[in-house]
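**Student:** Sequence plus the predicted model coming up.
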Amino acid sequence: MKPEVKTALNEQYLHELGAAHAYRALACWCAFNSYNGFAEFFNKQSEEELEHAEMFSDYLLDRGEMPEVGALPAPRTEFQNLTAVAEQAGIMERANSKGIDECYRIALEVADYATQVFLHDLISEQVEEEAWCATMLDKVKQATCAGALLTLDRHIVKELAEE
Ligand SMILES: [Fe+2]
Ligand SMILES: [Fe+2]
C-alpha cells in the first residue's frame, strides 16, 4: 500500500473512533436531559461508528498494514438544547463524509483500485447518514413546545429507522 493511502486510511480510522466517542457524548447529554429516545438513538450511532472504524482496521490488516490507534480529541459535551445536539450530529457526519472523500481522492490519485472499491459502501452510507441528520434537525425544529419534543423523543428511534 502506498504510504499516502495508509496515512489517509489511518486518519479516517481514528475519525470513525472519534465519531463513536462524540456520539456517546451526545447520548449522555440526551440521557441527562431526559431525552431517552434520543439517547438510545445516539448510542446506536456510536456503535455503528465503531463498526465503521473496525472496517478500516480490518482493511488495513488485510492489506498488511498496522492500524494506528492514536489519541482522540475530547468531544463537545455542552449544548444549549436539543436543536444544538441535532446540529452537532450533522456537523460530525459532514466532517466524516469529507474524510472518506479525501481517502477516495488519494486512492484515485495513486490508482489504488482495491481501496476505491473498499470505500464505495462507506461513501454511499454517508449519503444516508447526512439525510437522517437533516430529517432529525427538521423534526426537532418543528417540535416547538416541550410536549411535542417529548412525543418526538418517544418515537425518534422508529422514525429515523424508517428514513
Ligand atoms: Fe462512520
Ligand atoms: Fe455516521
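**Tutor:** The structure has been received and is ready for your questions. Ligands and ions are numbered 1, 2, ... in the order given.

**Student:** Any figure for the gap between the closest residue to ligand 1 within the chain and residue 45?
**Tutor:** As assessed by CB to the ion, ligand 1 sits closest to residue 52 within the chain, at 3.6 Å. Quick note: C-beta positions are derived from backbone N, CA and C, even for glycine. The gap separating residue 52 from residue 45 is 10 Å, by CB to CB, to the nearest Å.

**Student:** One more: residue 85?
**Tutor:** 12 Å.

**Student:** what is in contact with these two at once?
**Tutor:** Common contacts of residue 85 and residue 45 (CB atoms under 8 Å, 6 or more residues apart in numbering): residue 26.

**Student:** List the contacts of the closest residue to residue 115 other than its chain neighbours.
**Tutor:** In space, and not counting its chain neighbours, residue 115 is closest to residue 107: 4.0 Å by CB to CB, 6 or more residues apart in numbering. Going by CB under 8 Å, 6+ apart, residue 107 touches 5, 8, 113, 115-116, 119.

**Student:** which element is residue 107 on?
**Tutor:** In the assignment (DSSP states H and E), residue 107 maps to helix 82-109.

**Student:** Check which residues of that helix are buried.
**Tutor:** Across helix 82-109, burial judged by 16 or more other CB atoms under 10 Å covers 82, 85-90, 92-93, 96-97, 99-100, 103-104, 106-107.

**Student:** Perfect, I'm done here.
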